[in-house]
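Participant: Sequence and predicted structure are below.
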Amino acid sequence: MAIVPFRSVLERAWTTADAAERYQLAAWGKGYFTVTPNGHIAVRPEKVEGQEIDLLEVVEELRGRGLAAPLVLRFSNMVTHRLRDMRDAFAAAIAENSYQGRYQAVYPIKVNQQRSVVEEVYRYGSDYGFGLEVGSKPELLAVIAMADDPHPRLIVCNGFKDDDYIKSVILATKLGRAIVPVVEKLDELDLILKHADREGVRPRIGVRVKLASEGAGRWRGSAGAKSKFGLFVGEVLTLFERLRERGLEDCLELVHCHPGSQLHNIRRVKDAIGELAHVYAELVKLGASGLRYLDVGGGLGVDYDGSQTNFPSSMNYTLEEYANEVVYRVASVCAEKEVPHPTIVTESGRALAAYQSLLIVNVVGRSALDGFEVPEDLDEIQAEAEVSQPVLDLIEANRAVSERRAVECYHDAIQAHEQALNLFNLGYLTLMERGLAERLFWKTCSDLRGVARRMPSMPEELQELESVLADIYFCNFSVFQSLPDSWAIDQLFPIVPIHRLDQKPSRLAVLADMTCDSDGKIDRFIHMRDIKMTLPVHDLVAGEDYYLGVFLTGAYQETLGDLHNLFGDTHVVHLGLDESNAWRIEETVEGDTAGEVLSYLQYDADALLARFEASCGRAVQREDLSEEEAERVLAFYRAKLEGYTYLEPGGSS
Ligand SMILES: Cc1ncc(COP(=O)(O)O)c(C=O)c1O
């Protein structure tokens, strides 16, 4: 009878439920993502069981159509679902607080300006009367053309404004748009009055207030006295006086604040909204008879790590609590000051857009530090008279690895390895010895990790071995292009293999991108109580693709990206479900070609091709290439100018 080791008896088989738990899918996915019985991640755009899109199926189908990873996948019904959640949360809060005013969201398009996203928000927002927010002239030009439905919906115009910006707003007012320029600096008021006068329009005006309550989180500078935007309360009073002098006091319709993005602490929301509500109510009492919107800006967070805590990647409140807090604060200030309840406007962007898209990357290789083997003839090496002391010490440390001496061995190995490197740099160690020292050191580390993992409790000194020995998984994407916030502000995103979740992940890895920059990596991962330095992944199988999904990337990532190393936009594919719940491709936007990214930097693909052709011609004259070879080289160059900027499967034909 075979003897079953004690550990194996205790270890039960790995299930997809274990995978969901390991990657905390339910906590951060909020019902939008699930693991299928065959171990794939599926997206549920409306959180309905059975209405789901298997990501691996999509990736393989797209690859068959010539659209290989990296890919951004977008799920159209998700934004609609988020819009509905927002509406429902505020409807419940309005009912609970017997609030007399309405709720109205405007989508700040800077969060994700892709036409299809903005169109979807606008189209589906029509049932709820939701509008749009812009922060620049190009955004304004897109929106005033698009927003032409018979029942004008609110367009809020933030950001610094010049003469043309204001003129466009006034002309749009003339066209019948419900458009409100928010005064961020007093001289913008002069421009509004000038153009309104010229065009014979009664302007609708908003004002952004510089709140004393500081913002919170990474964008805390968006509020408070030092904020870039808004008027001090004294300036708000000056603005109102100027309007009154012209008999335009009823033109002030909206007061606005933006307490910062990704507010992780509900307290900040309470402080900012309370203060803004007081400003609103006081202005009404001063005679601002047209005031009817209280715009609380953006800031509603996204629980990227699923911990529901006051941590920058999380938030310690729910959408429902947020809605309730906003409505309650405004209602109580209005009751205290005896002014009618305004329409509450939110400019939530991140919370609407983050879930609806994700990035798929393929792993193209790995570097492992636990694969080193030491020579079998260590005894003979040790016996050689001229072997340097650090190498001998490393041999000793390697031999002494045991549970009892684990910590001591680790310290000895580190010290001897350092000494070996120093001696090499001083010229006292041969290249052969350096190579041997390297192998001995890493082999000792991986032996020690094995011992430490079997200990009932791992000594603190040895815990770092997990991250020291982590693999590097090389992933086909650019952090700078596709996850700029990961690089720039250490934003965490949930990352999960999109398949093989019916198998236990056996490796720990950090991820490196394809750029030639050591910053192009991800080595911080979400965790419920902490930040993890490694991601559990599966071993790579030769000849098989391995895909990772980076989730919740729908807000801010796509347009903030840059062209580092000339890696361009990835393919973007919009997906939806049809009546029979089968997924379908709604739209495909192919990623940049090499020729396109070169043209962004003023290279002319035709001119490059002509120069390359001339070089081929000269090579033929020198008889370095035959005519036929020159044709082939030129055809290859031309094809690559039209090719994807990322690594492509299968290489060139
Ligand atoms: C004025 C204004 N409104 C709305 C937003 C959107 O904020 P969020 O995406 O955090 O909801 C921003 C972003 O910072 C903003 O500056």
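Facilitator: Good, I have the coordinates. Numbering: from 1, shown residues only.
Participant: which secondary structure element contains Gly365?
Facilitator: Gly365 belongs to strand 357-367 when elements are defined using DSSP states H and E.
Participant: Need the residue closest to the centroid of this structure.
Facilitator: Thr553 (3.8 Å; Cα atoms, centre = their mean).
Participant: Am I right that that one sits in a strand?
Facilitator: No: the assignment for Thr553 is coil, going by DSSP: H, G, I helix; E, B strand; the rest coil, so no strand is present there.
Participant: OK, contacts around the residue nearest to it when sequence neighbours are not counted?
Facilitator: Residue nearest to Thr553 in three dimensions, not counting chain neighbours: Leu359, with 5.2 Å by Cβ to Cβ, 6 or more residues apart in numbering. Every residue, glycine included, has its C-beta placed from N, CA and C. In this structure, Leu359 makes contact with Pro70, Leu71, Val72, Leu73, Phe477, Ser482, Leu483, Gly549, Val550, Thr553, Gln557, Thr570, judged by Cβ atoms under 8 Å, 6 or more residues apart in numbering.
Participant: Am I right that the second one is in contact with His574?
Facilitator: What that stands for is Leu71. No: because the distance of 11.3 Å does not satisfy Cβ atoms under 8 Å, Leu71 is recorded as not touching His574.
Participant: who's more crowded, those two?
Facilitator: Regarding Leu71 and His574, a neighbour count based on other Cβ atoms under 10 Å identifies Leu71 as having more, with 27 against 21.
Participant: Alpha carbons of the strand holding Gly365, in CSV - could you do that?
Facilitator: Listed next in CSV are the C-alpha coordinates belonging to strand 357-367 (Å, rounded to 0.1, in the frame of the first residue of the first chain):
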residue,chain,number,x,y,z
SER,A,357,-12.8,48.2,-19.5
LEU,A,358,-9.8,46.0,-18.8
LEU,A,359,-6.4,45.4,-20.3
ILE,A,360,-5.3,41.9,-21.5
VAL,A,361,-1.6,41.3,-21.8
ASN,A,362,0.2,38.1,-22.8
VAL,A,363,3.2,36.9,-21.0
VAL,A,364,6.1,36.4,-23.4
GLY,A,365,8.7,34.9,-21.1
ARG,A,366,10.1,34.9,-17.6
SER,A,367,13.2,35.1,-15.6
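Participant: So what are the sheet partners of that strand and their directions?
Facilitator: Next to strand 357-367 in the sheet, as set by DSSP bridges, lie strand 71-75 (antiparallel), strand 471-475 (antiparallel), strand 547-550 (antiparallel).
Participant: related to what we said a few turns ago, the contacts of Leu359: which two are farthest apart?
Facilitator: Of all pairs drawn from these, the greatest distance, 14.8 Å, lies between Leu73 and Leu483 (Cβ to Cβ).
Participant: where does the residue in the stretch 351-500 of the chain that the ligand sits nearest to fall, helix, sheet strand or coil?
Facilitator: Closest to the ligand within the stretch 351-500 of the chain is Ala351: 6.0 Å, counting by Cβ to the nearest ligand atom. Classification of Ala351 into helix, strand or coil gives helix, according to three-state DSSP.
Participant: Thought Val79 was touching it, still the case?
Facilitator: No: no contact is recorded between Ala351 and Val79 when judged using Cβ under 8 Å, the distance being 11.0 Å.
Participant: quick one, which of these two is more surrounded?
Facilitator: Each of Ala351 and Val79 has its neighbours counted (other Cβ under 10 Å); Val79 has more, 27 against 23.
Participant: average pLDDT across the longest helix that the chain contains?
Facilitator: The helix of greatest length in the chain, counted in residues with DSSP state H as the criterion, is given as helix 431-454. For helix 431-454, the mean pLDDT works out to 95.
Participant: which other helices and strands contact that helix?
Facilitator: Packing partners of helix 431-454 (3 or more Cβ pairs under 8 Å, 6 or more residues apart in numbering; DSSP states H and E): helix 389-399, helix 406-425, helix 460-463, helix 465-468.
Participant: Report the angle between it and helix 389-399.
Facilitator: In terms of direction (axes from the mean of the first three to the mean of the last three Cα atoms, to 10 degrees), helix 431-454 departs from helix 389-399 by 30 degrees.
Participant: Could you look up the SS state of the residue of the chain found nearest the ligand?
Facilitator: Per Cβ to the nearest ligand atom, the residue of the chain with the smallest distance to the ligand is Gly298, at 2.2 Å. Taken by three-state DSSP, the conformation at Gly298 corresponds to coil.
Participant: For the nearest residue to Ala452 once chain neighbours are set aside, give me its contacts.
Facilitator: By the measure of Cβ to Cβ, 6+ apart, the closest residue to Ala452 outside its immediate chain neighbours is Leu462, 4.2 Å from it. Neighbouring residues of Leu462 by Cβ under 8 Å, 6+ apart: Ala406, Val407, Tyr410, Leu448, Arg449, Ala452.
Participant: Verify the contact between the fifth one and Leu465 for me.
Facilitator: It refers to Arg449. Yes: assessed by Cβ under 8 Å, Arg449 is found in contact with Leu465 at 4.4 Å.
Participant: and Ser98, what does it touch?
Facilitator: Ser98 is in contact with Ala331, counting by Cβ under 8 Å, 6+ apart.
Participant: Check for me that it belongs to a strand.
Facilitator: No: assessed by three-state DSSP, Ser98 does not belong to a strand; its assignment is coil.
Participant: and the gap between it and Tyr328?
Facilitator: Computed as Cβ to Cβ, to the nearest Å, the Ser98 to Tyr328 distance reads 11 Å.
Participant: who in the stretch 151-300 of the chain is up against the ligand?
Facilitator: If contact is defined as Cβ under 6 Å from any ligand atom, the residues of the stretch 151-300 of the chain in contact with the ligand are Asn158, Trp219, His258, Ser261, Gln262, Gly297, Gly298, Gly299, Leu300.
Participant: where's the dip in pLDDT among the residues you listed?
Facilitator: Scoring those by pLDDT puts Trp219 last, at 56.
Participant: Correct me if wrong: Arg153 contacts Phe130.
Facilitator: Yes: applying Cβ under 8 Å as the test, Arg153 and Phe130 come out as touching, 6.8 Å apart.
Participant: Between these two, which is the more surrounded one?
Facilitator: Each of Arg153 and Phe130 had its neighbours counted (other Cβ under 10 Å), and the higher figure belongs to Phe130 (23 against 19).
Participant: mind listing what the more buried one touches?
Facilitator: Taking Cβ under 8 Å, 6+ apart as the criterion, Phe130 is in contact with Leu83, Arg87, Gln104, Ala105, Val106, Tyr107, Val121, Tyr122, Arg153.
Participant: that older thread, residue contacts, the residue nearest to the centre of the chain?
Facilitator: Taking Cβ under 8 Å, 6+ apart as the contact definition, Thr553 lies against Val72, Ala354, Ser357, Leu358, Leu359, Ser482, Leu483, Phe493.
Participant: Could you do Asp539 as well?
Facilitator: Asp539 touches Ser506, Arg507, counting by Cβ under 8 Å, 6+ apart.
Participant: Which members of the contacts of Leu462 are classed as buried?
Facilitator: Among the contacts of Leu462, those that count as buried by neighbour count (16 or more other Cβ atoms under 10 Å) are Ala406, Tyr410, Leu448, Arg449, Ala452.
Participant: and those as a markdown table, adding distance to the ligand?
Facilitator: A markdown table is the format used below for the buried ones among the contacts of Leu462 (distance: Cβ to the nearest ligand atom, whole Å):
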| residue | distance to the ligand |
| --- | --- |
| Ala406 | 47 |
| Tyr410 | 45 |
| Leu448 | 45 |
| Arg449 | 41 |
| Ala452 | 42 |
